[in-house]
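Enquirer: Got a predicted structure here, sequence first:
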Amino acid sequence: MTTMSTCSGLGFWASLGIWLFGYLGISADAPSKKAYRNSVSTCKREARESKFFIRMIAKAVPELKEEARPLWQEAKELHLIFCALYRGGGE
């Protein structure tokens, strides 16, 4: 039986978080407001894509639907956070 944790478990989300905050350098110390908004925009897009792919996995493998639900909720919350950051402009 396939489980969602084999597809994307906590390791995936930890890696995503490290990539989003480390590699993109999202912080209040961004070189400019434009660079900050660009980084947050990329994070918004990645969170939205995560929601999409989790939904597709749940559709393709119906027995994973219940396991995918909390992962999708987490991706949704991240997307909402990044939307708020983007609208706020990092101020």
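Expert: Looks like it came in fine. Numbering: from 1, shown residues only.

Enquirer: other SSEs contacting the helix or strand harbouring Phe82?
Expert: Using DSSP states H and E, Phe82 maps to helix 65-88. Secondary-structure packing of helix 65-88 (3 or more Cβ pairs under 8 Å, 6 or more residues apart in numbering; DSSP states H and E): helix 4-7, helix 33-60. For the C-beta atoms, the positions are set from N, CA and C on the backbone; glycine is no exception.

Enquirer: The last one: which residues count as buried?
Expert: When burial is assessed from 16 or more other Cβ atoms under 10 Å, helix 33-60 yields the following buried residues: 36-37, 39-40, 43-44, 46-47, 50-51, 54, 57-58.

Enquirer: ok, which pair from those is furthest apart?
Expert: Farthest-apart pair in the buried residues of helix 33-60 is Tyr36 and Ala58; separation 33.3 Å (Cβ to Cβ).

Enquirer: got the CA positions of stretch 56-76 in CSV?
Expert: The C-alpha trace of stretch 56-76 is given here as CSV (Å, rounded to 0.1, in the frame of the first residue of the first chain):
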residue,chain,number,x,y,z
MET,A,56,-3.7,15.6,-8.1
ILE,A,57,-2.1,12.9,-6.0
ALA,A,58,-5.3,12.5,-4.0
LYS,A,59,-7.3,12.3,-7.3
ALA,A,60,-4.9,9.7,-8.8
VAL,A,61,-4.7,7.5,-5.7
PRO,A,62,-8.0,7.7,-3.9
GLU,A,63,-6.8,5.7,-0.8
LEU,A,64,-4.4,8.6,-0.1
LYS,A,65,-7.2,11.2,0.1
GLU,A,66,-7.4,11.3,3.9
GLU,A,67,-3.7,11.4,4.3
ALA,A,68,-3.4,14.2,1.7
ARG,A,69,-5.9,16.4,3.4
PRO,A,70,-3.6,17.8,6.2
LEU,A,71,-0.8,18.3,3.7
TRP,A,72,-3.1,20.3,1.4
GLN,A,73,-4.3,22.4,4.4
GLU,A,74,-0.7,23.1,5.3
ALA,A,75,0.1,24.2,1.7
LYS,A,76,-3.0,26.4,1.8
